[in-house]
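Visitor: Generate coordinates for the sequence data below:
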Amino acid sequence: MDSDTENRKHPRPAADGDGAWSTGGGADAAADATTGTPGAARGPFGRIVAGALALLLFGAALMFSLLLFGVVLCLGALAWGYLWWKTRHARRTLYRQAAAGQRTAPPPEGRIIEGEVIRSTRAPDEPPR
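Guide: Now for the predicted structure:
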């Protein structure tokens with residue numbers, strides 16, 4: 001089967017803009033005639049090379065993602081340390097105020113009942129509803 005017959009069976013969009021569809025020709029037709037489909041690995045050696053390249057690409061992507069994760073983790077730790085350092089005086093002041101407030105105010109005496117207080121807005125001389 002020649003390349004002209006193959007290109008008529010599977011038309012592609014035109015790259016040069018002469019129409020909506022092209023029947024091929026030129027360098028693409030020669031590539032299709034020798035390799036079948038452009039970019040396809042033919043034979044066992046081509047498949048081994050393609051598999052090795054895929055593994056190398058996957059490994060590179062994994063290393064890049066780990067590097068990016070490490071950088072983000074380090075930047076987050078630096079930001080947390082910066083905020084912790086800048087707020088140390090405020091934290092120390094709050095701890096001192098809390099400690100001083102506990103020593104000066106004695107605990108309330110008597111009965112403590114926890115709950116909600118419902119306040120009535122009616123006047124004392126108004127009859128209940």
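Visitor: For the rest of this, base every contact and every neighbour count on C-alpha atoms.
Guide: Noted.
Visitor: Regarding the protein, what is its longest helix?
Guide: Counting residues, the longest helix found in the chain (DSSP state H) is helix 43-86.
Visitor: Can you tell me what sits against the next helix or strand after that one?
Guide: Next in sequence after helix 43-86, counting helices and strands by DSSP states H and E, comes helix 88-104. The contact list for helix 88-104, computed with CA atoms under 8 Å, 6 or more residues apart in numbering, is empty.
Visitor: Now helix 88-104: buried residues?
Guide: Within helix 88-104, no residue is scored as buried using 16 or more other CA atoms under 10 Å.
Visitor: Between helix 43-86 and that helix, find me the angle.
Guide: Orientation check (axes from the mean of the first three to the mean of the last three CA atoms, to 10 degrees): helix 88-104 against helix 43-86 gives 50 degrees.
Visitor: Using CSV, write out every CA atom in helix 88-104.
Guide: Extracted as CSV, the C-alpha positions of helix 88-104 are listed here (Å, rounded to 0.1, in the frame of the first residue of the first chain):
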residue,chain,number,x,y,z
ARG,A,88,7.4,36.3,71.5
HIS,A,89,7.0,39.6,73.4
ALA,A,90,3.2,39.6,73.0
ARG,A,91,3.0,36.0,74.3
ARG,A,92,5.3,36.8,77.2
THR,A,93,3.1,39.8,78.1
LEU,A,94,-0.1,37.8,77.9
TYR,A,95,1.4,35.0,80.1
ARG,A,96,2.5,37.6,82.7
GLN,A,97,-1.0,39.3,82.7
ALA,A,98,-2.7,35.9,83.0
ALA,A,99,-0.5,34.9,85.9
ALA,A,100,-0.9,38.3,87.7
GLY,A,101,-4.7,38.2,87.1
GLN,A,102,-5.0,34.8,88.8
ARG,A,103,-3.0,35.9,91.9
THR,A,104,-4.8,39.2,92.5
